[in-house]
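> Predicted structure and sequence below. I'll ask about it afterward.
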Amino acid sequence: TREIHLASRPTGWPTHDHFRLVEAELPEPGPGQILVRNTVMSVDPYMCGRMNEGRSYIAPFAVDAALEGGAVGEVIESSDDAFAVGDMVVHDYGWREHAILDAARAKAIDTGRAPASAYLGVLGMTGLTAYTGLVRMAELKKDDIVFVSGAAGAVGSAVGQIARNLGASRVIGSAGSPEKVRYLLDELGFDAAFDYHDGPVVGQLAKHAPNGIDVYFDNVGGDHLEGALTHMRDFGRLALCGSIATYNSEKASAGPRNLGLSVVRRLKLQGFIVYDNEDLADEYRALATEWLADGRLTYKETCVDGLDNAVDALLNTFRGANLGKMLVRL
Ligand code: NDP
């Protein structure tokens with residue numbers, strides 16, 4: 001079987017040299033373990049953070065060991081009563097064609113309800129991230145005006161639709177290309193959307209959010225966070241989910257320079273990690289399943305084939321190559 005290992009830790013942008021495709025021998029699954037043939041794996045921007053050492057909410061990847069990440073696959077051997085051969089599961093041992101893991105680390109998925117890949121996106125981690133940020137962190141209320149950055153990505157596309165489904169009065173999104181802007185307006189029902197390459201975010205928001213913003217869901221950081229702060233209404237809430245604009249930069253970002261507005265406007269800024277909010281998963285999945293069935297929640301996937309192309313897929317998410325969730329089919 002094959003796996004992708006971390007070859008060395010990057011400073012700044014990772015390149016192919018920091019990864020290694022390795023042939024590995026598979027041991028037999030021990031008692032309580034299962035062997036899974038991975039069929040689809042998730043590619044996530046946060047992985048670049050785990051390539052470095054330093055204080056974080058999650059342990060860094062080890063050098064010369066396989067990377068980890070969400071994956072779905074089929075159980076092909078089982079030494080645990082919880083799973084039988086043929087069961088489909090989701091787990092955290094992606095970046096390899098086969099995974100041996102404790103059965104307790106796998107969750108069964110119902111591929112009758114949605115395709116397996118959806119459990120890595122809209123019904124999985126990124127969907128729950130969107131819901132958690134809106135409902136728990138930003139305390140979304142009916143008639144709120146919501147702005148989300150990274151809006152055509154996995155988390156952002158769910159944020160816009162969930163906000164609308166929960167009663168937002170206006171949903172505004174930013175993304176990195178005219179095609180993505182069209183997708184937000186024509187397919188996802190955003191009220192307004194703009195390409196952040198077309199001019200400073202702060203100026204584009206003046207046009208698209210003339211009455212201000214109650215909730216900002218931040219996937220990008222930097223100029224997006226600064227621009228949103230300028231337009232926040234009194235008692236606005238900011239769910240700080242990610243800052244992809246700053247992930248691979250070698251120096252700390254300077255902004256936001258207008259953080260003082262959070263005092264004047266009595267804003268709440270709340271950073272969060274989805275893993276602390278697993279208690280919302282059942283509630284979210286029930287809602288998402290209903291919305292998927294009646295068409296009020298849709299999703300796109302950008303799928304790359306084969307483990308050989310997985311590193312490219314990761315590096316390309318930082319160049320905006322994905323519409324919706326970035327995945328690798330194995
Ligand atoms: P996406 O599917 O949104 O993919 C990343 C997208 O980011 C790209 O497609 C690109 O789209 C955009 N992007 C890349 N560089 C920049 C830049 N410099 N400025 C603006 N946009 C940029 O990824 P996810 O939906 O998986 O993740 C979105 C965010 O949420 C990330 O910051 C991620 O780290 C974070 N996250 C946080 C979690 C948490 O628990 N807090 C959990 C999951 C994700 P474009 O073409 O629009 O530029």
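Received the coordinates, thanks. Just so it is clear, the model here is predicted, and its values are computed rather than measured.

> All the helices of the protein, residue numbers only.
47-50, 125-131, 154-165, 178-182, 201-208, 222-231, 261-264, 281-294, 310-317 (DSSP state H).

> By mean pLDDT, show me the worst of those helices.
Lowest mean pLDDT of these: helix 47-50, a mean of 89.

> Give me every residue in this protein that's in contact range of the ligand.
44-46, 126, 129, 150, 152-156, 175-177, 180, 219-220, 241-242, 244-245, 272-274, 317-318, 320, 322, 326 (Cβ under 6 Å from any ligand atom). Just so you know, the C-beta spots here come from the backbone N, C-alpha and C atoms, and that holds for glycine as well.

> same thing but at 5 Å, please
Within the chain, the positions adjacent to the ligand are 45-46, 129, 150, 153-155, 175-176, 219-220, 241-242, 244-245, 273-274, 317, 320, 322 by Cβ under 5 Å from any ligand atom.

> Lowest-scoring secondary structure element of this protein by mean pLDDT?
Least confident helix or strand of the chain, by mean pLDDT, DSSP states H and E, is helix 47-50 with a mean of 89.

> Mind listing residues that contact that one?
10, 14, 56, 58-61, 67-69, 247-248, 314, 318 (Cβ atoms under 8 Å, 6 or more residues apart in numbering).

> which one among those gets closest to the ligand?
residue 318 (5.2 Å; Cβ to the nearest ligand atom).

> re the thing from before, what subset of the contacts of helix 47-50 is buried?
Using 16 or more other Cβ atoms under 10 Å as the burial test, the contacts of helix 47-50 include 10, 14, 61, 67-69, 247-248, 314 as buried.

> just checking, residue 241 touches residue 133?
Yes - applying Cβ atoms under 8 Å, one finds residue 241 in contact with residue 133, separated by 5.1 Å.

> Return every residue with contacts to both of these two.
Joint contacts of residue 241 and residue 133 (Cβ under 8 Å, 6+ apart) are 155, 217, 272.

> Scan those residues and report the most crowded one.
Highest neighbour count within the shared contacts of residue 241 and residue 133: residue 217, with 32 neighbours (other Cβ atoms under 10 Å).

> pLDDT score for the nearest residue to that residue once chain neighbours are set aside?
Closest residue to residue 217 apart from its sequence neighbours, by Cβ to Cβ, 6 or more residues apart in numbering: residue 148 at 4.2 Å. Residue 148 is assigned a pLDDT of 99 by the prediction.

> State the distance from residue 148 to residue 133.
For residue 148, the distance to residue 133 equals 9 Å [Cβ to Cβ, to the nearest Å].

> what residues are shared contacts of the two?
159, 217.

> re earlier: among the contacts of helix 47-50, find the lowest-pLDDT one for me.
Within these, pLDDT is lowest for residue 248, at 79.

> so how far is residue 247 from the residue nearest to that one when sequence neighbours are not counted?
Of all residues not flanking residue 248 in the chain, residue 13 sits nearest, at 4.6 Å (Cβ to Cβ, 6+ apart). From residue 13 across to residue 247, the span is 9 Å (Cβ to Cβ).

> hey, what's in contact with both of the two?
With Cβ under 8 Å, 6+ apart, residue 13 and residue 247 have common neighbours residue 318.

> And the residues of the chain next to the ligand, which of them are buried?
So, by 16+ other Cβ under 10 Å, the buried ones in those are 45-46, 129, 150, 153-155, 175-176, 219-220, 241-242, 244-245, 274, 317, 320, 322.

> Take these and keep only those in strands.
residue 175 (DSSP state E).

> Of the helices of the chain, which is nearest residue 195?
helix 178-182 (5.3 Å; Cβ to Cβ).

> Now find how far off-centre the closest one is within its chain.
Relative to the chain's own centre, helix 178-182 is displaced by 19 Å; criterion: Cα atoms, centre = their mean, to the nearest Å.
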